[in-house]
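In: Model the structure of this input:
(one chain, ligands or ions: 1)
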Amino acid sequence: MADSQHQSIPTHPIAPRVKEHQKKPHVGPDILGYRDHHGKTFGEGSNEWWAPIVSPTDRPRDSTGIVRSRLFVLVASRMETSSGSPKVASTPHTTALTDGLIPTPIRFAFLPSYYPSVDQRFSFGDHGVGQCRQSQRPEPLYTIPPPLHSTTFCHEITNFNRPQSSTKPMNRAKAAKSPPLSFSANYGIKKGDTVSVYMPMTWHAVATFLACARIGAIHSVVFAGFSSESLRDRIKDCKSRVLITSDESRRGGKAIATKAIVDAALKECPEVEHVLVQRRTGNTVAWTEGRDKWWHEETLKVPNYCPPEVMSSEDPLFILYTSGSTGKPKGVVHTTAGYLLGAALTVKYVFDVHPEDKFACMADVGWITGHTYIVYGPLLNGVTTTVFESTPVYPTPSRYWQVVEKHQITHFYTAPTAIRLLRRLGEHHTQAHDLSTVRVLGSVGEPINPEAWDWYNEHVGKRQCAIVDTWWQTETGSIMITPFPGAIETKPGSATVPFFGIEPVILDPVSGEVLEGNSVEGILCIRNPWPSIARTVWKDNNRYLDTYMRPYPGFFYTGDGAARDEHGYIWIKGRVDDVINVSGHRLSTAEIESALILHRGVAETAVIGVSDDLTGQTVYAFVTLKPEFTYNPNDEGSLAKELILQVRKVIGPFAAPKKIIIVPDLPKTRSGKIMRRIMRKISAGEGDQLGDLSTLADPSVVDAIKAKVATSP
Ligand code: WTA
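Out: Numbering: from 1, shown residues only. Down below sits the predicted model:
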């Protein structure tokens, strides 16, 4: 059953600043109403939603009579679970991101899959299913305001012959005469090839995404906090021949030797032929002649117009590696039309964006949140996006608020960890800045505790803003469960209700049965596919099916636990698999264990997540040593440091365990399965509530572990 805290009625009604904007023009069609497929309004127990209903008469038309507002159509067929990837009914061809002129705007209506018949779909409006009318003249539907105009980006990377002149898109006739794109020609990158990206948070990273999308290359962006070994494995897995990086990065006042990490990774990747290096700090870096090229030199060598590649809706747009319950990271694949549709729709509706808005997502471009809410989502809606290079506390804990004030940010999206950290550092930082431009505050990546929510509302939002606690995952591509500003009342700590067309279900963990109705708790799954669902794991579809489709046949398995309270609001309870969420970074226990086991002294290891006030969870590693390994038992601290270094080296600094606990043995069942539950309980200070220990092969290990945890620094 759901906790008693869920029972409170929704307490945060419509935010005043959002209300004011409801009357102003939106980027796309207005939402006129919501109701579920039984005709019920929200709150009566159903979590299925109709698509936004757009009145045909309200839609603006251009001079050719074409309906101007973008209407999205995508009809999802039922999910095929054990036999193949989810199939989403075919959508028309779409052009990869272009220079502000999208000649083939994606015009689909978005219909939930339970639409009973085709006829009824047509009754939806004057746009039929799958209709993708090309406008007679190119309309700048997706203009991207300077300085973040996509044209500017594309010029930087494709403008190899001419000096940079104007950011105005060239007309199509002129474009047709332009020489072909040298970036792809020189480097041999064709549609469907992969390009690995390992870059800091500068606008060049965004340019790289868009440049790849434009020529149909599949980008694989690796978070720049990963170690050279992790980078190497990801490059090898997707077989990139081109890597884009920078000389160094800056983070929190420190310089990071990005290119040196790349060089170390590439020692074992002979297949990488070209490394394009952006100059960030200008410090001297090692150089491999023939392979390494400076971005600023190469960009002077290509024409300033690059025709966009035409992509099929199901062509991959990118690969993003993510951690799961096994050691090897999975290359999650997202597609051109479906993913972009999810990104565009969610920015529009979850954040209620208007053309003049300035969107600021504080994630790193190396994670899915950066992909969808720094790059694609805001730019598809034509609103300005922000690339933030620093940390929330460098050079001062006012940094976020300085940015909000300076750039007049209207949408601010960050993770609960950052909110908790800033809350701890005091209100005077928020008070010193004018935050009155902000209308919507977003939270993502981990459950947000009500105290952090309240602080965000009170001190950042000044009780004037909508707070959207958005639940989603790398695999879902875009937001799945979230309040809608101006439409849904919120409860601090609840992600509230599903996005249009999303059908979350809560299953009994053991029987797998759907728990109907309210006041239930179990495993969160999703029934039926949605546009931005990941289509496969790169070159390993079977792994995709095993991970997401087979655990609970008929449903997409999220790996999260969730409760639905008496008002039908959803509360995310955190991971139920072997994934740990530290500061919103998704870590696999198996991956950390594999890193530790590479140390010559380690015999066995079990990694667990322990809850932490600041970072949500933190990593504890229990380690047993090989009998032949000698070390000074009075100086376990040095060994622990060595082991932490080992994880930093193999995965990256963000995965480093907080505690290494050296124990004589691990608790195991008679069949040899490690019982992590016991270590979790002991670490949480609940060593007296271990429950049934009769299945343990050697119950005496429990006391030894308790003693070690109690004395561990
Ligand atoms: C967690 C990040 C609670 C969840 C977008 C999920 C959340 C994992 C929330 C995905 C939220 C994300 N409330 N938990 N609002 N948002 N999570 O793939 O456990 O890096 O499964 O995607 O983060 O992490 P990922």
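In: count of residues packed around residue 687?
Out: For residue 687, the count of nearby residues is 16 (other Cβ atoms under 10 Å). C-beta coordinates here come from the backbone N, C-alpha and C atoms, glycine included.
In: Now do the contacts for the closest residue to residue 226 other than its chain neighbours.
Out: Counting by Cβ to Cβ, 6 or more residues apart in numbering, residue 226 lies nearest to residue 652, which is 4.3 Å off, once chain neighbours are set aside. Counting by Cβ atoms under 8 Å, 6 or more residues apart in numbering, residue 652 touches 223, 225, 226, 227, 230.
In: what separates residue 652 from the ligand, distance-wise?
Out: 14 Å (Cβ to the nearest ligand atom, to the nearest Å).
In: With residue 447 instead?
Out: Distance of residue 447 to the ligand, computed by Cβ to the nearest ligand atom: 4 Å.
In: which residues does that residue contact?
Out: Contacts for residue 447 (Cβ under 8 Å, 6+ apart) come out as 416, 493, 571, 572, 573, 574, 616.
In: In three-state terms, label it for me.
Out: Of the three states, residue 447 takes coil under DSSP: H, G, I helix; E, B strand; the rest coil.
In: again, but for residue 346
Out: Here residue 346 is helix, with the state taken from three-state DSSP.
In: Tell me who's in contact with it.
Out: For residue 346, the residues meeting the contact criterion (Cβ under 8 Å, 6+ apart) are 372, 377, 478, 479, 482, 499.
In: Roughly how far does it sit from residue 190?
Out: Computed as Cβ to Cβ, to the nearest Å, the residue 346 to residue 190 distance reads 31 Å.
In: Then residue 208?
Out: Distance of residue 208 to residue 190, computed by Cβ to Cβ: 17 Å.
In: Can you pick out the residue with more neighbours from the two?
Out: residue 208 (27 against 12).
In: what ranges of the protein fall below the confidence cut-off?
Out: Residues of the chain that meet the criterion pLDDT under 70 lie in 1-11, 13, 22-185, 304-305, 308, 311-313, 327, 337, 382.
In: Could you tell me which residues of it lie near the ligand?
Out: Residues of the chain found near the ligand (Cβ under 6 Å from any ligand atom) are 322, 367-369, 444-447, 469-474, 495, 558-560, 572, 574-575, 581, 586.
In: What's the ChimeraX syntax to select whichever of the residues you listed are buried?
Out: Here is the ChimeraX selection string for the buried members of those, based on 16 or more other Cβ atoms under 10 Å:
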select :322,367,368,369,444,445,446,447,469,470,471,472,473,474,495,558,559,560,572,574,575,581,586
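In: Mind checking which of the residues of the chain next to the ligand are in strands?
Out: Using DSSP state E, the subset of the residues of the chain next to the ligand located in strands is 322, 444, 469, 470, 558, 559, 560, 572, 574, 575, 581, 586.
In: Please give me every residue in contact with the first one.
Out: It refers to residue 322. Neighbouring residues of residue 322 by Cβ under 8 Å, 6+ apart: 329, 330, 332, 368, 474, 475, 586.
In: Look at residue 681 and tell me its secondary structure.
Out: Following three-state DSSP, residue 681 is assigned to helix.
In: residue in the stretch 551-700 of the chain nearest to the ligand?
Out: residue 572 (3.6 Å; Cβ to the nearest ligand atom).
In: quick one on the thing from earlier: now neighbour count, secondary structure and distance to residue 711 too, for the contacts of residue 652, in TSV please.
Out: As requested, the contacts of residue 652 are exported to TSV (neighbours: other Cβ atoms under 10 Å; DSSP: H, G, I helix; E, B strand; the rest coil; distance: Cβ to Cβ, whole Å):
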residue	neighbour count	secondary structure	distance to residue 711
223	20	coil	35
225	18	coil	32
226	24	coil	34
227	21	coil	31
230	23	helix	33
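In: For residue 417, which non-adjacent residue is closest in space?
Out: Closest residue in space to residue 417, ignoring its immediate chain neighbours: residue 583 at 4.1 Å, by Cβ to Cβ, 6+ apart.
In: and if you look at residue 405?
Out: In space, and not counting its chain neighbours, residue 405 is closest to residue 433: 4.4 Å by Cβ to Cβ, 6+ apart.
In: That neighbour reaches residue 403, doesn't it?
Out: No - judged on Cβ atoms under 8 Å, residue 433 makes no contact with residue 403 at a distance of 9.2 Å.
In: Taking the ones in strands among the residues of the chain next to the ligand, tell me the two that lie furthest apart.
Out: 322 and 469 (21.1 Å; Cβ to Cβ).
In: Would you state the strands of the stretch 451-600 of the chain in chain order?
Out: Under the criterion DSSP state E, counting those that start in this stretch, the stretch 451-600 of the chain carries strands at the ranges 466-470, 503-507, 520-527, 536-537, 556-564, 570-575, 579-582, 585-588.
In: Just checking: what are the partner strands of the first one?
Out: Partner strands for strand 466-470, per DSSP bridges, with pairing direction: strand 440-444 (parallel).
In: Please apply the same query to the fourth one.
Out: Sheet neighbours of strand 536-537, with direction, are listed as strand 330-335 (antiparallel) (DSSP bridges).
In: which residues are in contact with the partner strand?
Out: For strand 330-335, the external contacting residues (Cβ under 8 Å, 6+ apart) are 220, 234, 237-238, 313-324, 474-475, 477, 532, 534-540, 543-544, 547.
In: name the element residue 404 belongs to?
Out: helix 399-407 (DSSP states H and E).
In: Quick one: list the elements packing against the next helix or strand after that helix.
Out: Moving toward the C-terminus from helix 399-407, the next helix or strand (DSSP H and E) is strand 411-414. Here strand 411-414 touches strand 358-361, helix 399-407, strand 440-444, going by 3 or more Cβ pairs under 8 Å, 6 or more residues apart in numbering; DSSP states H and E.
In: Same list, these, but as TSV with distance to residue 591 please.
Out: Listed next are the helices and strands packed on strand 411-414 as TSV, based on distance: least, Cβ to Cβ, whole Å:
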stretch	distance to residue 591
strand 358-361	26
helix 399-407	30
strand 440-444	22
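In: Perfect, that will be all.
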